[in-house]
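Sequence first, then the predicted structure, then my questions.
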Amino acid sequence: MKLLQLDKFHKKNNKRGGMLVLVLMIFGVSLILISSALSITMSSRSRYYVDVERSQERLTLTCAAEAVIDAIQAQELTDAQLQQMSSNTHAVYNITGSTKTSVKQGAAAADGSANIAPGLSTSASNGTTMKVKPVTGSQDLILDFQTKIIVTGDNTKAEGLRVYLKYTPPAPTPSVCENMVTCGEDGSYNDIPKLEVNGTESFTVFHGNVELASGSGSYIYNPTVITGVVKGGAGTVYHNDVVFYGPNAGIDVVSPGNGVTIASGEGDFYFLGITMGTNSSNQSVFRNSSGSAAVPNGFNVKADGAYFYKANMTVNDWTMRDSGAGTTYWVSGSGSSLNRTNNWGGNIAIKDGGQVNFASGAGTVYNSISEVSDTTTQNTYNRLKNKADYYLSSSALKAAAEREIPTAAEQQAIYGAYRTGETIPNISGVQNLHGNKAYKLTGGTYSYGRVRINLAEGDTTIYVAGSCTFKSFCFEVSNATTHKLTFVLDYGVSFKFVDQPDFWSSVTDPTTGTSYPYVQGIIACDVRNGYAFNNPHGGDLRGKEGEEPAAIVVGLGKNVFEAGRAQVVDAYISLAGKGTDASTVTLKDKVHFYGRFEAVKVDTGNSDNLKMQSCPKLGEGHNTPTPLTTCYTAEKYEYYTA
């Protein structure tokens, strides 16, 4: 009986022990599960924070890069500043919030940029930086951005972004018509009887041989530069300095006409034998038909005074005499030799490094200005000396004198690419063309038409592939403040606006039914004073001083541009070609011209003066500032982990 009870006791104890073991096992497993859950939770939380940090880094990085690119596009960060930054490859630029953000009570640090905008501060563990790196062998740049946000300490890497900026050189301003007038070349001859250049801007430049106002008046109010030989014509009057520039410059004694005259009190002669190219010879003031030095047989060379530098001159009779028939005051500068062989002078000569040889009774010679006590003579000397020093060192004068008519090959290399474009049909009536496009005219006769071009959309080109004659026809250009319409005349092409007897009749716009007079020419509506379609030919239609014409006419060689009576031309006209490729500009008979021109040959007619008023050169006549534009384009974005 006792044995049975003992056996029951042992069985009961075994059950209790088993339960204890089971409880312990369950507890152990629970601990393992809880630990695992805690570990998984902590790991997930860490990964979550790291992912959030990296996402925030990517977001901050991208926004910062976009902000910089936008600043470059708007030129708030200019190209020049970028290039300067790229020259210091070790420089690191911090990108931060532009202002501190106010935070409410209970928020963390006082600097809002570190909390409200993570990654935009100067902190090493919470900041965005940029480096500007040059690309070897080009002007391209790389913007290297990095953003680092460290909160947990589990992510110490930075998110990086490289932005590759492609550099595209700015479109060069066409180098046309640097001077108000440039014409001729060595060996060429121009007879220009009716030229009137008003305004004092820039220069009027004559190369080769030129004859002015043979039988009628020409008037030039800006400084004139002569690099060849000039004949004087009856009625030609200069109203500013006349500079004979270089060894080949001088005055023709064979057919002198009425001489060369500068209006009293308005200018002086400057005979400057400045070296041009390889020619360092002295200038001979007077020349015969072969180009050699000559002695004139009496004619007017009249001005208030004359300065000579590396120039030789011999005169007799009354040429270059006193103010009655010539020039009283002479200043003989370095390298010059001035001679008067008779006693008809009455001149006052001052040596300024050069020589003076007068026959007895020819005038007064001073060895230096220190010998002069007369105030008028002193003042005249000072004016001539100061102006001569300016001209001898002037880069503007040098550029004007050395600017030659471009050759056909030079102009074709620049503008030959304009040959492609949308063909314009044979136009009659009114037709509208879009800006910022390329067009082509195939050539032919165009009558009774009006082409309207709105340049608000951008620069526009019309390539003229064949010779064109326009009768009662106009190109009407608008919104040309910062853009231009460029006509490119193919080699050998003529471009003529000719008289039409019924130019007072009208053309009707087919879309609106409105009738307009047949205005003729190239008309920049924005720069015309008093321009009115109801009376386009009434009065002197002067261009708006200080504004640039809307059009450029470029010729690729052997071209003719022609416009005449009752026609309007608002344009820079640059016709290439020398020798057999030489081109001709014909502007005559009261044409309403506002612009500048250059060509070897010039025809101003012999009826009415070609009146040229003050006109700025291309690129300097904007009354409103031209918006800055960048030469850099974001070409590629590349993310990386640093």
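Nice, I can see it. Residues are numbered from 1 along each chain as shown.

following the element among helices and strands of the chain having the smallest mean pLDDT, which helix or strand comes up?
Within the chain, judged by mean pLDDT, DSSP states H and E, the helix or strand with the poorest mean is helix 112-115; its value is a mean of 44. Once helix 112-115 ends, the next helix or strand along the chain (criterion: DSSP states H and E) is strand 122-123.

Helix or strand next in line after that next one, which one?
Note on strand 122-123: by DSSP H and E, the next helix or strand toward the C-terminus is strand 126-134.

strands paired with that next one, and their directions?
Looking at strand 126-134 with DSSP bridges, its partner strands are strand 93-95 (antiparallel), strand 122-123 (antiparallel), strand 141-149 (antiparallel).

quick one, which of those is packed in tightest?
For these, the largest average neighbour count (mean count of other CB atoms under 10 Å) is found in strand 141-149, namely a mean of 23. Bear in mind the C-beta positions are built from the backbone N, C-alpha and C, glycine included.

same for the following helix or strand past it, what does it pack against?
Per DSSP H and E, the first helix or strand lying C-terminal to strand 141-149 is strand 159-167. Helices and strands in packing contact with strand 159-167 are listed as helix 2-73, strand 141-149, strand 632-641; criterion 3 or more CB pairs under 8 Å, 6 or more residues apart in numbering; DSSP states H and E.

Would you mind measuring from the nearest residue to residue 220 once chain neighbours are set aside to residue 64?
Counting by CB to CB, 6 or more residues apart in numbering, residue 197 is the residue found nearest to residue 220 once chain neighbours are left out, at 4.7 Å. Residue 197 sits 56 Å away from residue 64, taking CB to CB, to the nearest Å as the criterion.

quick one, which of the two is more surrounded?
More neighbours surround residue 197 than the other of residue 197 and residue 64, with 27 against 21 (other CB atoms under 10 Å).

The more buried one bridge partners, please.
When assigned by DSSP bridges, residue 197 has beta-bridge partners residue 220, residue 612.

again with residue 183
Note on residue 183: beta-bridge partners residue 206, residue 599, judged by DSSP bridges.

so how many other residues sit close to it?
Residues near residue 183, counting by other CB under 10 Å: 24.

returning to that earlier point: hang on, the residue nearest to residue 220 packs against residue 614?
No. Using CB atoms under 8 Å, residue 197 is not in contact with residue 614; the gap is 9.2 Å.

which residues does the closest residue to residue 447 other than its chain neighbours bridge with?
In this structure, residue 447 finds its nearest non-sequential neighbour in residue 471, 4.4 Å apart by CB to CB, 6+ apart. Counting by DSSP bridges, residue 471 is bridged to residue 447, residue 498.

Was I right to think residue 471 contacts residue 444?
No. If you go by CB under 8 Å, residue 471 and residue 444 don't touch, sitting 11.4 Å apart.

out of these two, which sits in the more crowded spot?
For residue 471 versus residue 444, neighbours defined as other CB under 10 Å are more numerous around residue 471 (19 against 11).

Tell me how far the more buried one lies from residue 524.
For residue 471, the distance to residue 524 equals 21 Å [CB to CB].

same thing with residue 74?
In terms of CB to CB, residue 74 sits 30 Å off from residue 524.
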